[in-house]
Each structure stands twice: as C-alpha cells, then as structure tokens.
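*Asks:* My questions are about this predicted structure, shown below with the sequence.
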Amino acid sequence: MSSSRQWQPPRLRLFEDAHRRATWLELLYDLVFVVAVAELAAVLAGGDILLFVGLFVPIWWAWAGYVFYANRFDTDDVSHRLLALPQILAVATMAASVSDFAERSGLFAIAYAVARVLLVLAYVRVGRHVPEARPLAVRYAAGFTAAALLWLASLAVDPPLRYAFWAVAMVIDLATPLLARRHQGKLPPQSEHLPERFGLFVVIVLGEVVAAVVTGLKGHDVTPGTLAIALAGVAIAMGFWWLYFGHIDESVVLRTAVAGQVWVYSHLPLSLGLVAFGIGIEHAIAHPAGTSWSIGVPAALVLAVLGLQHLCSLDRRAGAIRLGAAALTLATSALPTAAALPLILVYAAAQVAYDLLRPRPEGAA
C-alpha cells in the first residue's frame with residue numbers, strides 16, 4: 001500500500017470504471033465466518049433447531065452488513081482496516097460463544113453489538129465525507145444504533161426475556177435497509193462486486209456440507225450404505241452449486257429495488273437450508289434406516305429459494321422448474337432415506353441436465 005493511500009476518507013465506489021473483485025481483507029473477513037458457520041452447524045447437529053436459526057440470523061447479518069458497506073465505500077486504507085479488523089474479532093467472539101450458549105449468551109450479545117457499533121462508526125464517517133451518501137448513511141447509522149442499544153439492554157435481563165430483546169433488535173436491523181429504499185435508489189450497489197460476495201458465502205456454506213459428510217463418516221463404520229449416502233449428499237450439494245452459479249445474474253441487484261432486495265435477503269434462507277442439508281446427511285449416515293425429513297426439507301428449501309432468485313432475474317422457466325422440484329422434493333421427504341436420497345439426486349441432476357441442454361440466449365455465457 002503506497003503512502004498516499006494509507007489514510008483516506010471513505011469515498012463512493014459505485015461509479016468507478018475499474019473492475020472490482022473481493023479484496024484480501026474481504027476474504028480474511030469471510031474466513032472467520034467459516035468458523036462461525038461450523039459452530040452453528042454443531043448446534044444443529046445437536047438437535048437445537050430454534051437456537052441454530054436464532055443465532056444464524058445475526059451472524060449472517062453481521063457478514064452482510066460489512067459486505068454492503070464495502071460494496072459502496074471500501075477504500076482498503078488503514079482507517080478502513082482499523083474498523084474492519086475489530087469486526088473480525090467480534091465475530092470470532094460470537095462464534096466462540098455458540099458452543100456453550102447457555103453460559104455465554106451475554107458475551108454473544110456484547111460481541112454482536114460491538115460489530116454493529118463499528119459498522120455505525122463507518123457510516124458516520126461516510127456521512128461526514130460523502131455528501132451524496134449522507135441521507136442513506138444517517139438512516140443506516142440511526143437504525144443500526146437503535147438495534148445495537150437493544151442488544152446491550154438485553155444484558156439487564158435473563159433469558160428467555162433476553163432473547164425477546166434480540167428478536168426486536170433483529171427486526172430493526174433487518175428492516176433498516178428496507179425503510180431506506182428511497183435513498184438506496186440513488187446509490188445502487190455495484191453489480192459485479194455484490195453477487196461475487198454473496199456467491200463466496202454460498203461457497204462457505206457448501207463447504208459445511210462436505211465437512212458434515214466427513215464428520216458423519218469419521219464417527220461411524222464406513223459401509224457401502226453409509227458411503228452411498230455420503231457420496232449422494234455431496235453430489236446433491238454439487239448440483240446446488242451448479243444451479244446457483246450457473247444462473248448467477250450480476251444485473252439482478254439493479255433491476256428493481258424489490259427484485260434486488262428479495263435476491264439479497266433470500267440468501268439467508270438459502271444459507272440456512274444448505275447448512276441444514278449437510279447436517280441432515282450427517283444424521284442419515286448415523287441413522288440410515290430412518291425417514292429423510294432432515295434431508296428433504298432443507299433440500300426443498302434450497303430449491304425453492306433458487307427458484308425465487310431465478311424469478312428475480314426474470315428467468316421464469318428456470319424459476320418454475322426449481323419451485324416444482326422443491327415441491328417434489330418435499331413430498332419425497334416422507335420416504336425412507338434409501339429411497340428418497342437417490343430421487344433427490346435425480347431431481348438435481350435432471351435440472352442440471354436441462355440447463356445444459358436448453359437453448360441459451362444469444363450472447364449468454
């Protein structure tokens with residue numbers, strides 16, 4: 001980093017001609033979420049679905065909050081790094097709080113509030129140095145500050161009332177960008193950078209599927225049956241990868257405010273579904289004779305979200321196929337694992353084959 005670039009105020013990056021990709025700092029930021037997602041997967045493997053979902057939402061939102069800021073204002077200078085690196089420490093603390101959550105819920109709340117306060121400070125700097133972004137920065141700072149204060153206020157009460165504070169705070173956090181849509185329209189996200197960042201998080205959660213399969217095989221005898229379950233699970237995850245990245249649309253975040261925000265927010269249930277699918281495969285390896293609800297329901301959720309995303313991209317045919325496959329997968333969940341898993345694999349493979357064989361629009365990749 002040259003001396004002239006070491007200290008810079010935030011600047012608007014949206015209309016620069018330079019081709020943007022994820023910075024090394026952004027990739028480092030993602031790394032801590034690999035650990036956080038693994039800790040959350042362990043919670044789900046223990047059977048606590050409500051806790052898994054309840055903690056996944058703020059962890060995902062902490063990641064998304066930094067992504068949106070960096071998409072518009074990242075300068076990768078010293079001041080930016082000094083605000084981003086402590087966020088990594090805060091998220092690491094959140095991840096460390098998950099395994100013994102009954103004793104560490106207060107620590108989780110403090111760590112999340114710290115991460116959000118650091119983001120608020122970043123937006124305060126934007127409001128000072130980027131006049132055209134000031135209305136958006138003020139609204140983001142106000143909403144995120146209100147939510148962070150609720151997280152800190154929750155320390156004054158014990159669970160389960162503490163979690164009610166968290167729920168209200170998360171509603172405020174998630175709603176803040178929606179309530180600022182009028183100002184977002186004047187500062188649209190950079191279309192090549194944002195889909196790449198969300199795609200990288202999808203890769204993180206797909207990696208958790210592979211990790212869950214490996215964990216399942218390590219803990220049990222490797223028989224032809226368990227190996228078939230493991231390989232089918234990884235193959236289905238590969239199908240999800242193909243269906244997501246084969247249709248990724250950089251322009252969707254600019255198409256309309258509604259379509260762009262639906263596409264963005266839909267990554268929350270998509271990520272939840274992918275992690276849950278991996279844990280479902282791990283469960284199936286341990287209990288191969290059971291029913292396949294723990295596999296089929298997450299797989300159906302993933303396909304349904306992919307269908308919604310394709311509809312946001314105006315690919316109605318692919319969207320309809322994904323939604324139909326989701327319904328079929330959900331119905332298949334009532335079958336034993338030995339019957340359901342091959343069928344779900346067929347559904348995924350058939351969609352990939354259709355995508356490969358159908359005529360592509362001229363000029364499409």
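*Replies:* Happy to help now that I have it.

*Asks:* drop to CA atoms for contacts and neighbour counts, all remaining ones
*Replies:* Fine.

*Asks:* Nearest residue to F56 in space, please, no chain neighbours.
*Replies:* Using Cα to Cα, 6 or more residues apart in numbering and skipping the chain neighbours, the partner closest in space to F56 is L40 (6.8 Å).

*Asks:* what about the one you found, which SS state?
*Replies:* Following DSSP: H, G, I helix; E, B strand; the rest coil, the label given to L40 is helix.

*Asks:* and it, how many residues sit next to it?
*Replies:* Other residues lying near L40 total 23 when counted by other Cα atoms under 10 Å.

*Asks:* contacting residues for it?
*Replies:* By Cα atoms under 8 Å, 6 or more residues apart in numbering, the residues touching L40 are F52, L55, F56, A95, V98.

*Asks:* Give me the number of neighbouring residues for the first one.
*Replies:* It refers to F52. When neighbours are counted by other Cα under 10 Å, F52 registers 22.

*Asks:* Any regions of the stretch 251-365 of the chain where pLDDT drops low?
*Replies:* By pLDDT under 70, the low-scoring segments of the stretch 251-365 of the chain are 254-257, 360-365.

*Asks:* mind running it again at 50?
*Replies:* 362-365 (pLDDT under 50).

*Asks:* Please enumerate the helices of the stretch 201-350 of the chain.
*Replies:* Counting by DSSP state H, counting those that start in this stretch, the stretch 201-350 of the chain has helices at residues 224-245, 252-255, 257-265, 267-286, 293-312, 316-332, 337-357.

*Asks:* If you rank the contacts of L40 by neighbours, which is first?
*Replies:* Using other Cα under 10 Å as the neighbour criterion, A95 leads the contacts of L40 with 24 neighbours.

*Asks:* That one and I88, how far apart?
*Replies:* Counting by Cα to Cα, to the nearest Å, the gap from A95 to I88 is 11 Å.

*Asks:* What of F277?
*Replies:* 27 Å.

*Asks:* Please identify which of those two sits among more neighbours.
*Replies:* Between F277 and I88, counted using other Cα under 10 Å, F277 has the larger neighbour count: 29 against 20.

*Asks:* who's in contact with that one?
*Replies:* When contacts are counted by Cα under 8 Å, 6+ apart, F277 touches V209, S294, I295, G296, P298, A299.

*Asks:* Can you say which two of those are spatially most distant?
*Replies:* V209 and G296 (14.2 Å; Cα to Cα).

*Asks:* which intervals of the stretch 101-250 of the chain have sub-threshold pLDDT?
*Replies:* Nowhere does the stretch 101-250 of the chain drop to pLDDT under 50.

*Asks:* let's see 90
*Replies:* 180-195, 219-222, 246-250 (pLDDT under 90).

*Asks:* ok, back up a step: let's have the helices of the stretch 201-350 of the chain in CSV, adding distance to L27.
*Replies:* Listed next are these as CSV, based on distance: least, Cα to Cα, whole Å:
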stretch, distance to L27
helix 224-245, 19
helix 252-255, 21
helix 257-265, 19
helix 267-286, 18
helix 293-312, 24
helix 316-332, 30
helix 337-357, 29
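
*Asks:* closest one to V32 among these?
*Replies:* Of all the helices of the stretch 201-350 of the chain, helix 267-286 sits nearest to V32, with 15.9 Å by Cα to Cα.

*Asks:* Export the closest one to CSV, keeping only CA atoms.
*Replies:* Extracted in CSV, the C-alpha atoms of helix 267-286 (Å, rounded to 0.1, in the frame of the first residue of the first chain):
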residue,chain,number,x,y,z
HIS,A,267,-29.6,-15.7,0.7
LEU,A,268,-30.4,-16.0,4.4
PRO,A,269,-32.8,-19.0,4.0
LEU,A,270,-30.6,-20.3,1.2
SER,A,271,-27.6,-20.5,3.6
LEU,A,272,-29.8,-21.9,6.4
GLY,A,273,-31.0,-24.6,4.0
LEU,A,274,-27.6,-25.6,2.8
VAL,A,275,-26.1,-25.9,6.3
ALA,A,276,-29.2,-27.9,7.4
PHE,A,277,-28.9,-30.2,4.4
GLY,A,278,-25.3,-31.0,5.3
ILE,A,279,-26.3,-31.9,8.9
GLY,A,280,-29.2,-33.9,7.5
ILE,A,281,-26.8,-36.0,5.5
GLU,A,282,-24.6,-36.5,8.6
HIS,A,283,-27.8,-37.6,10.5
ALA,A,284,-28.7,-40.0,7.7
ILE,A,285,-25.2,-41.6,7.9
ALA,A,286,-25.8,-42.2,11.6
